[in-house]
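> Would you be able to build a 3D model of this:
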Amino acid sequence: MASEYELVRVNTKGQVVIPLAIRRRLGIKPGDRLVIVGGENEAILMKAKRYAESLRGMGGGIYGTSRESIDAYVRGERQTWPR
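Sure thing, here's the model as predicted:
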């Protein structure tokens, strides 16, 4: 993946302008929803749909790998609920 760097400035409202060349390459249009993922010393900006797609399957297998094991897990959790 080729990276492109541009220096931008944050205005008094906390806004930045995404340079035109980057908006065109990423297909960002007015009204698009973006996600900013903040780290300790960095922030990553991506289209919301792409971010959601990157999360797909991340939790797979946490509660089981078959319908039966997932159902058993849920039943066990429900038994711990106060009545």
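> chain center to the lengthiest helix in the chain, what's the gap?
When the chain is parsed with DSSP state H, its longest helix is helix 67-79. Centroid separation for helix 67-79 versus its chain: 28 Å, with CA atoms, centre = their mean, to the nearest Å.
> Quick one: mean pLDDT over that helix.
Average pLDDT, helix 67-79: 91.
> Please name every helix or strand in contact with it.
Applying 3 or more CB pairs under 8 Å, 6 or more residues apart in numbering; DSSP states H and E, one finds that helix 67-79 makes contact with no other helix or strand. C-beta: built from backbone N, CA, C; applies to glycine.
> Let me see the residues that make contact with that helix.
With CB atoms under 8 Å, 6 or more residues apart in numbering as the contact definition, helix 67-79 has outside contacts at Y63, G64.
> Just the CA atoms of it, as CSV, please.
The C-alpha coordinates for helix 67-79 follow below in CSV (Å, rounded to 0.1, in the frame of the first residue of the first chain):
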residue,chain,number,x,y,z
ARG,A,67,-24.4,-23.4,17.4
GLU,A,68,-24.7,-25.9,20.2
SER,A,69,-21.6,-24.5,22.1
ILE,A,70,-22.8,-20.9,21.7
ASP,A,71,-26.3,-21.9,23.0
ALA,A,72,-24.7,-23.7,26.0
TYR,A,73,-22.6,-20.6,26.7
VAL,A,74,-25.7,-18.3,26.6
ARG,A,75,-27.6,-20.7,28.9
GLY,A,76,-24.8,-20.7,31.4
GLU,A,77,-24.6,-16.9,31.4
ARG,A,78,-28.4,-16.6,31.8
GLN,A,79,-28.2,-18.9,34.9
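> show me where this structure has helices.
20-26, 48-55, 67-79.
> Just put these in TSV and tack on distance to E42.
Shown next, in TSV, are these (distance: least, CB to CB, whole Å):
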stretch	distance to E42
helix 20-26	16
helix 48-55	15
helix 67-79	36
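> I'd like these as a markdown table, with distance to G61 and mean neighbour count appended.
A markdown table is the format used below for these (distance: least, CB to CB, whole Å; neighbours: other CB atoms under 10 Å):
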| stretch | distance to G61 | mean neighbour count |
| --- | --- | --- |
| helix 20-26 | 32 | 12 |
| helix 48-55 | 15 | 11 |
| helix 67-79 | 10 | 11 |
